[in-house]
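Enquirer: Give me a model of this one.
(3 chains)
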Amino acid sequence: MITEGLKGRHFLRLQDFSKLEIESMLELGLQLKADNTMRRLHDDLLPRRTLFMMFFNPSLRTRNSFEAGIFQLGGHAHFLEPSATRLPTLEGEDLGYASERISDVSRVLSRMGDALSIRILGDVVDWEYDKAFRIIQEFANNSKVPVINMEDNIYHPCQGMADAMALWELFGKDLKGRKIGVSWTWGSSPKKPIAPHHDFMYVASLFGADVVFARPPEMRIDPEIEAQVKSNAEVNGGSFQVVENMEDACENADVVYAKNYVCLDLLPPVTSEPQKDEMMKLFDNYKGWIADEKRMNLAKPTAQYMHCLPCERGAEVSDAVLDGPWGEACYNEAENRLHAQKGVMAAIIP
Amino acid sequence: MITEGLKGRHFLRLQDFSKLEIESMLELGLQLKADNTMRRLHDDLLPRRTLFMMFFNPSLRTRNSFEAGIFQLGGHAHFLEPSATRLPTLEGEDLGYASERISDVSRVLSRMGDALSIRILGDVVDWEYDKAFRIIQEFANNSKVPVINMEDNIYHPCQGMADAMALWELFGKDLKGRKIGVSWTWGSSPKKPIAPHHDFMYVASLFGADVVFARPPEMRIDPEIEAQVKSNAEVNGGSFQVVENMEDACENADVVYAKNYVCLDLLPPVTSEPQKDEMMKLFDNYKGWIADEKRMNLAKPTAQYMHCLPCERGAEVSDAVLDGPWGEACYNEAENRLHAQKGVMAAIIP
Amino acid sequence: MITEGLKGRHFLRLQDFSKLEIESMLELGLQLKADNTMRRLHDDLLPRRTLFMMFFNPSLRTRNSFEAGIFQLGGHAHFLEPSATRLPTLEGEDLGYASERISDVSRVLSRMGDALSIRILGDVVDWEYDKAFRIIQEFANNSKVPVINMEDNIYHPCQGMADAMALWELFGKDLKGRKIGVSWTWGSSPKKPIAPHHDFMYVASLFGADVVFARPPEMRIDPEIEAQVKSNAEVNGGSFQVVENMEDACENADVVYAKNYVCLDLLPPVTSEPQKDEMMKLFDNYKGWIADEKRMNLAKPTAQYMHCLPCERGAEVSDAVLDGPWGEACYNEAENRLHAQKGVMAAIIP
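Expert: Residues are numbered from 1 along each chain as shown, chains lettered A, B, ... in the order given. Predicted coordinates:
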């Protein structure tokens, strides 16, 4: 376990941390989960620290896991929506008295509290692919305290940590020899983020799994992330393979991770505007892509289904899968948001 | 006092608890009220516990009493509005990525915290009479932690507990021989819930009062509740009588509880849609129904006026009644939300 | 330092407190700031106290400094927006079930917690000059616990306290002989409050500074406040002078405080409706009024720029001023909201 070098760091993406650092934060999280199970209080870890949570998008798991998590550590989270403040803007996008420059928001908040966390993605940035991450970076560049990424269009590192913790709980921290089937599924809206897929495959490969990723040919992920996943697999004794039907991902899998995500080739910067109608037409060519009993029965008898939630029942996954024995890991994954993030906060917030 | 059997229970309606259980929770609440008055901290009772409060409707008393209450007990409440998450829906009412199935919301939250509380009624469920309660039951059925009903179209058990505490403070816990006048009044909107009337009469009869209930013939309450009130009265040494003018309820009363509520016969399932214009026409036939000085002077000299608040001054009750000596119990009743709910939470949250 | 007479007081405007009382609260605030810097917890000061914060207008600094501040003192703040409750109204402005009389809201909340704070100004009261303050007074008149003014159209006493603390940190608590240049600047909207100017000049003069105030002839402040500032200057060894160009205010100044504010002669009660177009026309006659490098170079070499924030960069102040050596005091001023308000709360909340 790393015992120094984490305090004061921003948590913007998994790629900024070494495998050993990620492991260390996960181990802290697991220890705090055990404490919680035994009702051993741990509010001496971040006493009276304040976390400012800025949400530009709705949230259930992220908001509640951060708010409950910092509270268990002895601190308090402020739930900040753009409507309650003025809109934080980048230089050149100011709206007079209706907005405030991000550099100022970040400087001010970082003098009043101990950490900032930000969720911004999708419609809020007109689906401009890297803009949300640039906004989060702008907060970080102007903050004296750690900034935590609560999801942008590219990265969802807190979800990745919770995913990793759920995988560790199933298999131990060495995933070598485990087949992790990952898939796109159909969904009824052109709005579901791709970041969870990115970070799920990032951590599965980091811990040495054999990742088999199924998606229609038009549904590529970010090539830079794909290269990182490949490299992770090579370095850590796993493998990475892309296939074009769900069955290949499910067959004999230990885990099936399957959910819908947007088509990057129908969004900026590839197109000038989001092509939402086009995207739904494209999706509808692949309407049969759903995690159902038939496909789960291709996997190992002990296989688990994973999804970051919220899921669209009947579209991405059938009720029978989610409510049956396959679904347990999915709710563990959600619960682990709480514990994994407590590990991160305990590590980085001074 | 009951010393076991309460931990881990849902608090969905008073009817789910025995008289002794209700008394026990009220006694705990009174003890915590005394502690509070003496500034004796009691934050060791639910240390670092998290309460998720979901509000589908506006709230002043309920939200603030729960948030302050769990805080005094050592915990923390999350204030959740549907706009900040996605809409929790029953099966068959999903809205794709804009909603999330209640079973999933409840499973996830119950793994991240220690209790859930929900307010849902009125417009939000298109006034479908039992739908809000079914939604709350759906949360409870999928939760591993206690679920608390913060008001639906039928029940408002937390209000009932606060009402009971206010009555106890006036008369002691035995209400035998006390006349409690209860009345409908005119109001300027077809929106005021009937649940407070239900639970007020439930507790008044449970503790043996003589309840005289005045309402226009068209303004019936739920017949099932009425039967329970009658039965409570019989079992506990009180009485229950329905009359058709306010004066009969007020005359010689120890307490007058008077407020507006909707007409159940102009709402689903009796009608297919809420008949709001019809309801206002009906109300206007009874515009003189207001708790004013003249009527309060019919009551005992020491009589108190009660209302769950918010009240419509000049419509339901005159300023002279509320701001004069009759009005004190009304604000005690509101304050007791805090203490009664602390008693409930301390009893049921593990 | 005053050691009694503050507990239980409302904090509605600086004018309600003696200089010694204001000094005492600032000294408490500075001590708590030092505690915070050394990470010495001070949550024993207001343990388990509840602050109800009512915001009718957006807020970044005010909300976050109060919420973090009461938390550091051991308490908890409820963030209340009108949309989540019903609209609190004065007598005669009731909206049936959509509103609740302020006297009732205040009575109820003051029985459930330990302090109330309110922000209300601008559009919310249709710019009726003294209405917002009357509303805050109505809360205070009906509250059993201290009420804190978080800004109305006339007063922003919490900002004034933070400004004073920032000035003390620069010069010590005696400002005699210090030239404080104060100015109006251009801004792109007819919406910026004048209250911060009022209270900045109130405290600068209270501690004996030489205040030189520059504004276009049409941009007068409240004559009652101006008289108080003059009187403060006379009593405390300073001076007060009004000029009509920014250069006179900046020249040889120790501090330049410059921001936009609305024209009182184009708002009620002078006009019947806010004259927003007229106001922008008027503003545009003075578009060159900005705190830029050229003007800051007229000031002392060590001069600091101050602004309550949020500022409109490029309109009220240039990036070079804010991001350069002149800007530090501005962020200290913002941070001091936290510490100054903690001093106030620790002093007045029982």
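Enquirer: Quick check, residue A:67 in contact with residue B:78.
Expert: Yes. The pair residue A:67 / residue B:78 is scored as a contact, 5.4 Å apart, by C-beta atoms under 8 Å. Any C-beta I mention is one placed from the backbone N, CA and C, and that applies to glycine too.
Enquirer: count of residues packed around residue A:227?
Expert: 11 (other C-beta atoms under 10 Å in any protein chain shown).
Enquirer: Mind listing the shared neighbours of residue A:67 and residue B:78?
Expert: Common neighbours of residue A:67 and residue B:78, counting by C-beta atoms under 8 Å, 6 or more residues apart in numbering or on different chains, are A:79, B:50.
Enquirer: which of those two has more neighbours?
Expert: Neighbour tally, residue A:67 and residue B:78, criterion other C-beta under 10 Å: the higher count belongs to residue A:67, 26 against 23.
Enquirer: and the closest residue to the more buried one other than its chain neighbours, what does it touch?
Expert: Spatial nearest neighbour of residue A:67, excluding adjacent residues (C-beta to C-beta, 6 or more residues apart in numbering or on different chains): residue A:77 at 4.3 Å. Counting by C-beta under 8 Å, 6+ apart, residue A:77 touches A:50, A:51, A:52, A:53, A:66, A:67, A:70, A:71.
Enquirer: Greatest separation within those residues: which pair is it?
Expert: Spatially, the most separated pair among these is A:52 and A:71, at 14.4 Å (C-beta to C-beta).
Enquirer: who has more neighbours, these two?
Expert: Taking other C-beta under 10 Å, residue A:52 and residue A:71 do not tie; residue A:52 has more neighbours (28 against 21).
Enquirer: Give the full set of residues in contact with the more buried one.
Expert: Contacts of residue A:52 (C-beta under 8 Å, 6+ apart): A:77, A:78, A:80, A:109, A:112, A:113, A:115, A:116, A:117, C:64.
Enquirer: what number of residues lie near the spatially closest residue to residue A:129 that is not a sequence neighbour?
Expert: Once flanking residues are discounted, residue A:129 sits nearest to residue A:153: 5.5 Å by C-beta to C-beta, 6+ apart. Neighbour count for residue A:153, taken as other C-beta under 10 Å: 26.
Enquirer: quick one: contacts of the lowest-mean-pLDDT helix or strand in chain A?
Expert: Lowest by mean pLDDT, DSSP states H and E among the helices and strands of chain A is strand A:87-89, with a mean of 82. Residues external to strand A:87-89 that are found in contact with it (C-beta under 8 Å, 6+ apart): A:54, A:82, A:95, A:98, A:99, A:100, A:101, A:102, A:105, A:135, A:139.
Enquirer: returning to what we had before: for the contacts of residue A:77, which one is nearest residue A:122?
Expert: Taking C-beta to C-beta as the measure, residue A:122 sits nearest to residue A:53 out of the contacts of residue A:77, at 17.7 Å.
Enquirer: Need the phi and psi values for the closest one.
Expert: Dihedral pair for residue A:53: phi -100, psi 120, per degrees, to the nearest 10.
Enquirer: burial count for residue A:350?
Expert: Around residue A:350 there are 12 other residues, counting by other C-beta under 10 Å.
Enquirer: Kindly apply the preceding question to residue A:176 instead.
Expert: Neighbours of residue A:176 under the rule other C-beta under 10 Å: 13.
Enquirer: From chain B, how far out is it?
Expert: Between residue A:176 and chain B the computed distance is 29 Å (C-beta to the nearest C-beta, to the nearest Å).
Enquirer: Repeat that for residue A:38.
Expert: 13 Å.
Enquirer: Show me what from the stretch 201-350 of chain A comes close to chain B.
Expert: A:309-315, A:322-323, A:331, A:334-335, A:337-338 (C-beta under 8 Å from any C-beta of the partner chain).
Enquirer: Point out the ones among those that are inside strands.
Expert: Judged by DSSP state E, strands contain none of these.
Enquirer: Please narrow those to those residing in helices.
Expert: Those of these mapping onto helices are A:322, A:323, A:331, A:334, A:335, A:337, A:338, per DSSP state H.
Enquirer: got the contact list for the fifth one?
Expert: For residue A:335, the contacting residues are B:108, B:111, B:112, by C-beta under 8 Å, 6+ apart.
Enquirer: cutoff 6 Å now
Expert: residue B:111 (C-beta atoms under 6 Å, 6 or more residues apart in numbering or on different chains).
Enquirer: how many neighbours does the residue of the stretch 101-250 of chain A found nearest chain C have?
Expert: Proximity to chain C, evaluated over the stretch 101-250 of chain A using C-beta to the nearest C-beta, is greatest for residue A:111 at 3.9 Å. Neighbours of residue A:111 under the rule other C-beta under 10 Å: 18.
Enquirer: Over to residue A:98?
Expert: Residues near residue A:98, counting by other C-beta under 10 Å: 14.
Enquirer: Give me the phi and psi angles of it.
Expert: The phi and psi values for residue A:98, taken as degrees, to the nearest 10, are phi -90, psi -10.
Enquirer: Give me the sheet partners of the helix or strand in which the residue nearest to residue A:67 is found and which way each runs.
Expert: If you go by DSSP states H and E, residue A:77 is part of strand A:76-80. Taking DSSP bridges as the criterion, strand A:76-80 sits next to strand A:50-55 (parallel) in its sheet.
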